[in-house]
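Trainee: I'll drop the sequence and a predicted model, then ask my questions.
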Amino acid sequence: MTVIDVHTHMLTLDYLELLRANGTGKYTLKKTKAGQDAVHLYDAPFMTLFPGMWDYDLRIKKMDEAKVDVAVVSLTCPNAYWGGREVALKAAQLVNDSMAEQQRLKPDRIRWFASLPFQYADEAKAELARCAKLGAVGVMVIANIDGEDLTNPKFAPVWAEIDKLGWPVLVHPGAPQGVKDQHMDEFNLIPPVGFMADTTLAFTRMIYSGFLDKYPNIKLIASHGGASLPYLAGRLDRCWEMIPGCAEVIKDKPSDYLQRIWYDTVVYDPRALELCISVAGSPDRVLYGSDYPHNIGDMIGCLARVNALPADQAKRIAGKNAERLFGL
């Protein structure tokens, strides 16, 4: 059985140094209360740093141990959404070039999502075209781009180019805006709750705004099993039926749109995975992911939950769906 991990991250040490020098006070690299090195949004830690984030030999070793064949790697948050125009482009290029090189060195093990300086449309479109030539198989985008909604018209030129390519887009959460007001520095609340809120809000807005109708060729992947979306599917439909503001644009009910996107398996309870598959409408819309090498990433555990499904479902989710989606 082929196993393809579609939610798994890498970066470079040069990227971290660029972030350290240009985080402008918003993003800092410092130790947590537990003494771990982490990227912080203001004083709230959201990404603990581990060698597996830049050591590809270690990655391959861990993939072999978990029996994962291929990793579609991506840059995690805050991606390239910081610094000025030149810094943002450089941040994206540093990681894109590294991933492209690793794909050349390990063509049977590594594929990659391109990162783009979305906030600068001309640079983002040029980098998208460059990454297509370098062999990227999709785009990584954070659920908010430095506080801006993905549906903001300023990003439309970039989305239009991605739609022309018909590429998969992994929508990954970032530290949500308002972390200070919500006191998310307490108990490290960004990973358990903040990330889920960021993804859920982004997709709900894309659904209600008609984004999926405007860009029908983009194949959106909702991280972490769709966050809260599977649990809220009925509520989204009921609000669409009863609240005029929720039905201003779309004619189909939200749960129909939830069957037009893809989901990964980065959930930690079999019941959550079963609900995700049900709301997706088919196991063909679910893809194996691990969130390695984050501290809560779990290549072995996420795959075990997939393998516990009926054999035909497990085979499709583990790798066959990704082969089809990415043309691997």
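Mentor: Looks like it came in fine. Residues are numbered from 1 along each chain as shown.
Trainee: Show me the helices in this structure, by range?
Mentor: 13-22, 56-66, 85-105, 121-134, 156-165, 195-209, 211-214, 223-226, 229-242, 254-257, 270-280, 299-307, 311-315, 321-326 (DSSP state H).
Trainee: need these in CSV with mean pLDDT, mean neighbour count and distance to Val141, can you?
Mentor: (Each C-beta comes from the backbone N, C-alpha and C, glycine too.) Shown next, in CSV, are these (pLDDT from 0 to 100; neighbours: other Cβ atoms under 10 Å; distance: least, Cβ to Cβ, whole Å):
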stretch, mean pLDDT, mean neighbour count, distance to Val141
helix 13-22, 93, 16, 17
helix 56-66, 97, 16, 22
helix 85-105, 97, 19, 12
helix 121-134, 98, 18, 10
helix 156-165, 98, 17, 9
helix 195-209, 96, 22, 9
helix 211-214, 97, 18, 12
helix 223-226, 97, 28, 10
helix 229-242, 97, 17, 17
helix 254-257, 98, 20, 18
helix 270-280, 97, 18, 20
helix 299-307, 97, 19, 22
helix 311-315, 97, 15, 28
helix 321-326, 98, 19, 16
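Trainee: Of all these, which one comes closest to Asp146?
Mentor: Checking the helices of the chain against Asp146 by Cβ to Cβ gives helix 85-105 as the closest, at 9.2 Å.
Trainee: Could you export the helices of the chain as TSV, including distance to Ala34?
Mentor: Converted to TSV, the helices of the chain look like this (distance: least, Cβ to Cβ, whole Å):
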stretch	distance to Ala34
helix 13-22	19
helix 56-66	22
helix 85-105	27
helix 121-134	36
helix 156-165	38
helix 195-209	19
helix 211-214	39
helix 223-226	23
helix 229-242	30
helix 254-257	39
helix 270-280	27
helix 299-307	22
helix 311-315	36
helix 321-326	35
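Trainee: Quick one, which of those gets closest to Gly178.
Mentor: helix 195-209 (9.5 Å).
Trainee: Which residue would you name as the spatial centre of the chain?
Mentor: Central residue of the chain (Cα atoms, centre = their mean): His172, 2.6 Å from the mean position.
Trainee: right, and it touches Met140 too?
Mentor: Yes - His172 lies in contact with Met140 (Cβ atoms under 8 Å); the separation is 6.3 Å.
Trainee: Name the residues contacting each of those two.
Mentor: Counting by Cβ atoms under 8 Å, 6 or more residues apart in numbering, the common neighbours of His172 and Met140 are Ser74.
Trainee: For Ser115, find the nearest of the helices of the chain.
Mentor: Ser115 lies closest to helix 85-105 among those, at 4.6 Å (Cβ to Cβ).
Trainee: List the contacts of the closest one.
Mentor: With Cβ under 8 Å, 6+ apart, helix 85-105 has contacts from 10-12, 14-15, 18-19, 22, 56, 73, 75, 79-83, 110-112, 114-117, 119-120, 123, 127, 130-131, 134-136.
Trainee: looking at the protein, which residue lies furthest from center?
Mentor: The centre of the chain is farthest from one residue, Met242, which by Cα atoms, centre = their mean lies 31.5 Å away.
Trainee: what's near enough to touch that one?
Mentor: Here Met242 is in contact with no residue (Cβ under 8 Å, 6+ apart).
Trainee: roughly how far apart are it and Leu236?
Mentor: 11 Å (Cβ to Cβ, to the nearest Å).
Trainee: And for Ile145?
Mentor: Using Cβ to Cβ, Ile145 is found at 23 Å from Leu236.
Trainee: again with Ile317
Mentor: The gap separating Ile317 from Leu236 is 24 Å, by Cβ to Cβ.
Trainee: ok, Val158 - contacts?
Mentor: Here Val158 is in contact with 116, 118, 121, 124-125, 128 (criterion: Cβ under 8 Å, 6+ apart).
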